[in-house]
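Participant: Just to be clear, the model below is a prediction. Sequence and coordinates:
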Amino acid sequence: MVLPDGRIECRLCPRFCKLNEGQRGFCFVRQRVDDRIVLTTYGRSSGFCVDPIEKKPLNHFLPGTSVLSFGTAGCNLGCRFCQNWDISKAREWDKLADAASPEQIALAAQRLGCRSVAFTYNDPVIFAEYAIDVAQACREREIKAVAVTAGYITDDARPEFYQHMDAANVDLKAFTDAFYHRLCFAQLGPVLDTLKYLRCETNVWFEVTTLLIPGENDSDAELHRASEWFAENLGTDVPWHFTAFHPDFKMLDKTHTPTATLTRAREIARSKGLHYVYTGNVHDSKGGSTWCPGCGERLIERDWYELGEWNLEDGKCRSCGHAIPGRFEEQAGKWGARRLPVKLAASMV
């Protein structure tokens with residue numbers, strides 16, 4: 001959008017960066033060139049890796065399968081606790097060592113046996129054009145597209161972006177505006193709007209993640225409020241992952257999140273009627289497994305990213321027949337916990 005003073009306003013994320021010629025937005029990768037905004041990182045990646053889909057984390061989307069993961073550089077949030085800061089905060093182009101067209105990525109995923117491709121490490125909203133083109137190339141080969149995102153996107157941009165996604169994991173970083181302002185340089189409202197949009201306006205399978213930081217977003221009061229909003233607006237069947245923080249980037253003064261904190265958060269969420277609440281980044285088989293809300297049977301056993309017991313049949317509990325929401329196949333995949341960095345050129349051989 002061209003403003004009266006001649007600047008161009010970027011309408012992709014709620015920052016609405018207003019750019020003069022040559023200027024870059026907050027994300028650093030979107031730049032005004034002449035009378036348009038261009039994505040300077042199109043076709044370039046910070047690296048490719050084959051991961052378990054559970055690492056995204058997605059527990060109800062093709063469990064046990066592998067996903068080809070990649071990101072670019074930059075981010076439209078400024079989280080002081082960023083766990084991927086070397087990528088998301090990168091401004092050196094040597095971080096973008098791998099070049100690949102959308103067709104090359106889709107073909108590589110196919111040859112590597114990946115059921116999906118994930119846009120992750122940094123937020124795909126800022127490289128939306130590239131992510132959409134990759135998703136379209138993947139769809140032609142029956143490979144799914146997964147967005148791992150903070151959900152910080154405008155009302156105008158949401159429909160086009162998510163119509164190309166099959167699944168998403170959205171970070172709900174906290175449930176107060178104060179947290180988002182102080183530690184992310186952002187706002188809570190647009191994230192809640194994204195979650196409601198996904199629930200009410202799309203068929204995208206999505207799950208939610210909250211990184212619990214000691215003393216910042218882990219109080220009982222905040223967790224109760226967040227859980228009540230979650231149940232009322234997203235329903236009781238959307239999976240929610242509480243994951244452990246480790247000191248990183250500009251937040252080195254905090255301690256690791258105790259497992260007891262994650263368990264407490266899980267219990268609070270479950271007390272509001274939420275059926276699928278998980279703990280992550282810790283060794284907690286109970287909190288990482290999927291349990292039937294009908295009869296209490298363990299449906300999918302997880303030990304970190306390794307799957308064990310499988311008690312689903314046609315997407316239902318074998319014991320009581322309760323239908324489990326998600327995208328399930330008859331049997332779990334067998335990828336396990338492996339992490340396999342790949343060079344795209346090598347994977348094309």
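Facilitator: In hand now; what should we look at?
Participant: pretty sure Val208 is touching Val238, no?
Facilitator: Yes - counting by Cβ atoms under 8 Å, Val208 does reach Val238; the two are 6.4 Å apart. C-betas here are computed from N, CA, C, even on glycine.
Participant: hey, what's in contact with both of these two?
Facilitator: Overlap of the contact sets of Val208 and Val238 (by Cβ atoms under 8 Å, 6 or more residues apart in numbering) consists of Phe230.
Participant: Give me the buried positions along stretch 210-229.
Facilitator: Neighbour counts over stretch 210-229 (16 or more other Cβ atoms under 10 Å) mark 210-213, 216-218, 222-223, 226-227, 229 as buried.
Participant: Among those residues, which lie within helices?
Facilitator: Among these, the members falling in helices (DSSP state H) are 222-223, 226-227, 229.
Participant: Dump those residues into CSV; add distance to Ser101 as well.
Facilitator: Shown next, in CSV, are those (distance: Cβ to Cβ, whole Å):
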residue, distance to Ser101
Glu222, 44
Leu223, 44
Ala226, 41
Ser227, 43
Trp229, 41
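Participant: Tell me the one of those nearest Tyr197?
Facilitator: When these are ranked by distance to Tyr197 (Cβ to Cβ), Trp229 comes first, at 14.9 Å.
Participant: how far away is the closest one from Val170?
Facilitator: 14 Å (Cβ to Cβ, to the nearest Å).
Participant: how long is stretch 27-40 from one end to the other?
Facilitator: Using Cα to Cα, to the nearest Å, one end of stretch 27-40 lies 11 Å from the other.
Participant: which parts of it are buried?
Facilitator: 27-32, 37, 39-40.
Participant: can you list those in JSON lines and add pLDDT, secondary structure and distance to Lys254?
Facilitator: As requested, these are exported to JSON lines (pLDDT from 0 to 100; DSSP: H, G, I helix; E, B strand; the rest coil; distance: Cβ to Cβ, whole Å):
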{"residue": "Cys27", "pLDDT": "93", "secondary structure": "coil", "distance to Lys254": "26"}
{"residue": "Phe28", "pLDDT": "91", "secondary structure": "coil", "distance to Lys254": "26"}
{"residue": "Val29", "pLDDT": "93", "secondary structure": "coil", "distance to Lys254": "29"}
{"residue": "Arg30", "pLDDT": "95", "secondary structure": "strand", "distance to Lys254": "31"}
{"residue": "Gln31", "pLDDT": "96", "secondary structure": "strand", "distance to Lys254": "34"}
{"residue": "Arg32", "pLDDT": "97", "secondary structure": "strand", "distance to Lys254": "38"}
{"residue": "Ile37", "pLDDT": "95", "secondary structure": "strand", "distance to Lys254": "36"}
{"residue": "Leu39", "pLDDT": "96", "secondary structure": "strand", "distance to Lys254": "34"}
{"residue": "Thr40", "pLDDT": "93", "secondary structure": "coil", "distance to Lys254": "34"}
